[in-house]
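Enquirer: attaching a predicted model along with its sequence, questions to come.
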Amino acid sequence: MPAAAAPIISSVQKLVLYETRARYFLVGSNHAETKYRVLKIDRTEPKDLVIIDDRHVYTQQEVRELLGRLDLGNRTKMGQKGSSGLFRAVSAFGVVGFVRFLEGYYIVLITKRRKMADIGGHAVYKIEDTNMIYIPNDSVRISHPDEARYLRIFQNVDLSSNFYFSYSYDLSHSLQYNLTVLRMPLEMLKSETTQTRQESFDIFEDEGLITQGGNGVFGISSEPYMKYVWNGELLDIIKNTVHRDWLLYIIHGFCGQSKLLIYGRPVYVTLIARRSSKFAGTRFLKRGANCEGDVANEVETEQMLCDASVMSFTAGSYSSYVQVRGSVPLYWSQDISTMMPKPPITLDQADPFAHVAALHFDQMLQRFGSPIIVLNLVKEREKRKHERILSEELVAAVTYLNQFLPPEHTIIYIPWDMAKYTKSKLCNVLDRLNVIAESVVKKTGFFVNRPDSYCSILRPDEKWNELGGCVIPTGRLQTGVLRTNCVDCLDRTNTAQFMVGKCALAYQLYSLGLIDKPNLQFDTDAVRLFEELYEDHGDTLSLQYGGSQLVHRVKTYRKIAPWTQHSKDIMQTLSRYYSNAFSDADRQDSINLFLGVFHPTEGKPHLWELPTDFYLHHKNTMRLLPTRRSYTYWWTPEVIKHLPLPYDEVICAANLKKLVVKKFHKYEEEIDIHNEFFRPYELSSFDDTFCLAMTSSARDFMPKTVGIDPSPFTVRKPDETGKSVLGNKSNREEAVLQRKTAASAPPPPSEEAVSSSSEDDSGTDREEEGSVSQRSTPVKMTDLGDSAKVTENVVQPMKEVYGINLSDGLSEEDLSIYLRFVQLGQSQHKQDKSSQQFCSRCPDGVIKFSDC
């Protein structure tokens, strides 16, 4: 039986669209161009989409021959204009989907991409440019006068702004889920016989079950979580027709990655935000929740930590922590027709049995487990009721729902008026948030895929022993989640999430053995790097929902913002108000059309003729419900049965049916992540290498002065920082607007698929050349001086740290050789010191066997 499992890598990563008068031929290949697939799209149907996928895997030679025959068969007669029958229309990196308005279908292709993150060797790309191509030819096209207007509305959704995809990593799920499903088939094979498996589950494709022995490896692919997929409606028409490798699911939100260098050891810090595609929209037009329990501005934020020195999911060290933001789950809205800066909050429907809140929290229990912790940051005391209306209704809903939950799984409600404490001169807002963060992380725990280290067991930390979550033989699981909200879920929420994330980051670093205590201080390189990621994350989400960047930032609540920041805050407030008043309606129409909330239909009102989109998002108002949920048993029984674990991660028949499991040899391309990452078949340049171009704590944050402590966990003075978060923020904010994304580092040049004029019709495309920012240029090492040396007391006895003794079983001959080399090293070190050359980073002392 194989000892490992791996995600399946899509075999369609490069595409070329070929055109004839009657058909489009979409040729897709893997990156190495060793395997090809072909889609045939009919162009003679004016309104229907006819796609044929023969599901055959072609070689490069077979594709050349096929395209050659198509070219010959479609050439015009001699003497007529044009001698070629097959035209190369466009090259691409993936299919976003197919869409139809009032005429025929369009195909949307990704023509330019940029690598934004690397998760265990799995690349995460951002869409940089797309191409929308009309499928029917001119001879069968039936024109409609409103088609162009629908096309403009659809293209108002800028796909080059914060849309992400991956060919091998499921971005719609958390890291905990993705690594958990890799164990599911292994656990199933251990617990059941082959006969029972074949009768109970149909998750294995016709490659056959993995048998005892051999070099077989599980290749696993799971269904995406459609709530966070933004092109699901565009792919819906073809998902049952074509091979799953053609389906490229896209998320919307934020993705940023930075490198934390700990004495030369690279650790990647990744931040991914998944914006919900349900009840999505702009700030004042989408408030509260819809009838299905989906809330406005719902975003799942996940911070990942991985040791970049080991790439494999099975052998590497990975950790993650997830938290959620979202509007208050009630029926409420704000009327913006009065043109007021703060429109009054209105409760649209009475919900005495908290029906909509019950649907929302039931979804959360299924995805995250228990406990669900609600951190409510809205104002509690106001002269005139405004935000307080939401607090009163929310606490009433949570109190009602908790009556019917088991005591150990009740929803935890934490109200905290953040605005009130911000105005107080006696209270430090972040200190109070830090206390809340500690209590939250202790209840939910976090995910890590390795058991506690020996030194943690030998010298246990008091805070570590109080940590919650679920401890398993292979590590820890996060059970439950923090749900943070204010009114807009923007400024206050982002600062609160940063503080909780900072607390969780300390535990993550401690679990990987990178710090000796689960605690991180402000003004360290590590926290500055993490703060920049979170502010970029907040800026991006604020632009998407509110129309401007963050108004209040972490440094605002720390009360260290410069005086110039106040004028910027005023400008951001005005920008947000202008966007909400004049452009939100058009953006909302675009989102409704893109997500398939509205389908243009002949004879029915057009999108711009609707007085409101309320009935589009609340579909039960137009029909009778077949069954009504209980007001007391508001939860799903299967979900409650498996708490505190998330039901989606439990090994059961329903979850196993969501998986596709194949049998591969361990060196096959479909699961060989090393071949996918290093790409030995192509010539690459160090200047274009992503890991060298990403933000680094040593290059971008560590001071360049002589004799400085290189540890990223050392507290720096403001004048010591290598990169001032305060001073460089304005330039970075401008870059955010220019890129329409708040990426935390200047990534390597984007890849652009270009139509080639060469005779090779196999679909090979070239990468766009570009220059890398100076931030990716290697920094010359400076003289660290004697003060930067690691002292002898840092070197702990090996027996105490690792639980082993090197001197056990060591022969006298080996011991004498070792001591000889130690003496040579010490003498060489003294010579280097006396000559005042570049200081060695090695300690003066060595580990002696007498201390082991």
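Expert: Structure received.

Enquirer: would you mind naming the residues that bridge with Q334?
Expert: Note on Q334: beta-bridge partners by DSSP bridges are I345.

Enquirer: give me the neighbour count for it.
Expert: When neighbours are defined as other Cβ atoms under 10 Å, Q334 has 18 of them. From N, CA and C alone the C-beta is placed, and that goes for glycine too.

Enquirer: so what's it up against?
Expert: F284, R287, P343, P344, I345, T346 (Cβ atoms under 8 Å, 6 or more residues apart in numbering).

Enquirer: now do the contacts for the residue nearest to P473 when sequence neighbours are not counted.
Expert: Once flanking residues are discounted, P473 sits nearest to P451: 6.8 Å by Cβ to Cβ, 6 or more residues apart in numbering. Contacts here follow Cβ under 8 Å, 6+ apart; on that basis P451 touches P473, T474, G475.

Enquirer: can you tell me how far P451 sits from L505?
Expert: 20 Å (Cβ to Cβ, to the nearest Å).

Enquirer: likewise D516?
Expert: 15 Å.

Enquirer: more neighbours: which of those two?
Expert: For D516 versus L505, neighbours defined as other Cβ under 10 Å are more numerous around L505 (25 against 14).

Enquirer: which strand or helix spans that one?
Expert: Per DSSP states H and E, L505 falls inside helix 491-511.

Enquirer: ok, and what's touching stretch 222-237?
Expert: By Cβ under 8 Å, 6+ apart, stretch 222-237 touches 49, 95-99, 108, 163, 170-173, 177-178, 181, 247-252, 274-278, 294, 300, 367, 594-596, 648, 658-660.

Enquirer: from the residues you listed, which land in helices?
Expert: Y177, N178, V181, R367, F594 (DSSP state H).

Enquirer: which of these scores worst on pLDDT?
Expert: When these are sorted by pLDDT, the bottom entry is V181 at 91.

Enquirer: tell me the bridge partners for the residue positioned nearest the centre of the chain.
Expert: Per Cα atoms, centre = their mean, the C-alpha nearest to the average position across the chain is that of I272, at 3.1 Å. Beta-bridge partners recorded for I272 (DSSP bridges): C255, E302.

Enquirer: for it, give its distance to C486.
Expert: For I272 relative to C486 (Cβ to Cβ), the value is 22 Å.

Enquirer: likewise for N30?
Expert: Distance from N30 to C486, by Cβ to Cβ: 46 Å.

Enquirer: run through the neighbouring helices and strands of the host helix or strand of Y268.
Expert: Element membership of Y268, judged by DSSP H and E, is strand 265-275. On a contact count with 3 or more Cβ pairs under 8 Å, 6 or more residues apart in numbering; DSSP states H and E, strand 265-275 meets strand 105-119, strand 251-262, strand 299-307, helix 525-545.

Enquirer: from the middle of its chain, how far away would the third one be?
Expert: What it means is strand 299-307. 7 Å (Cα atoms, centre = their mean, to the nearest Å).

Enquirer: i'd like the first residue to be 56 from this point on
Expert: Yep, numbering from 56; the last one is strand 354-362 now.

Enquirer: just want the angle from the helix or strand that comes right after that strand to helix 580-600.
Expert: The element immediately downstream of strand 354-362 (helix or strand, assigned by DSSP H and E) is strand 373-380. If you take axes from the mean of the first three to the mean of the last three Cα atoms, to 10 degrees, strand 373-380 sits at 40 degrees to helix 580-600.

Enquirer: name every strand pairing with strand 373-380 and say which way it goes.
Expert: strand 354-362 (antiparallel), strand 502-503 (antiparallel), strand 536-540 (parallel).

Enquirer: quick one: buried residues of that strand?
Expert: Residues of strand 373-380 classed as buried by neighbour count (16 or more other Cβ atoms under 10 Å): Y373, S374, S375, Y376, V377, Q378, V379, R380.

Enquirer: then stretch 727-746?
Expert: Per 16+ other Cβ under 10 Å, stretch 727-746 contains these buried residues: D727, I728, N730, E731, D743, F745.

Enquirer: excluding chain neighbours, what is closest to the second one?
Expert: In this case it means I728. G176 (4.3 Å).

Enquirer: kindly report the same for S221.
Expert: Leaving aside its sequence neighbours, S221 sits nearest to V179 (Cβ to Cβ, 6+ apart; 5.0 Å).

Enquirer: surely that neighbour forms part of a strand?
Expert: Yes: V179: assigned to a strand according to DSSP: H, G, I helix; E, B strand; the rest coil.

Enquirer: burial of it, as a residue count?
Expert: 21.

Enquirer: what's the answer for L481, then?
Expert: 5.

Enquirer: and if you look at V609?
Expert: Neighbour number of V609 under other Cβ under 10 Å is 23.

Enquirer: that one and I763: what is the separation?
Expert: 24 Å.

Enquirer: circling back to that earlier point, which other helices and strands contact the helix holding L560?
Expert: strand 354-362, strand 373-380, helix 473-478, helix 484-499, strand 536-540, helix 580-600, helix 609-613.

Enquirer: tell me the angle of that helix relative to strand 373-380?
Expert: Using the same axes, to 10 degrees, helix 546-566 lies at 160 degrees relative to strand 373-380.

Enquirer: quick one: helix 546-566 to helix 484-499, angle?
Expert: 60 degrees.

Enquirer: tell me the angle of helix 546-566 relative to strand 306-317?
Expert: 40 degrees.

Enquirer: noted, bye for now.
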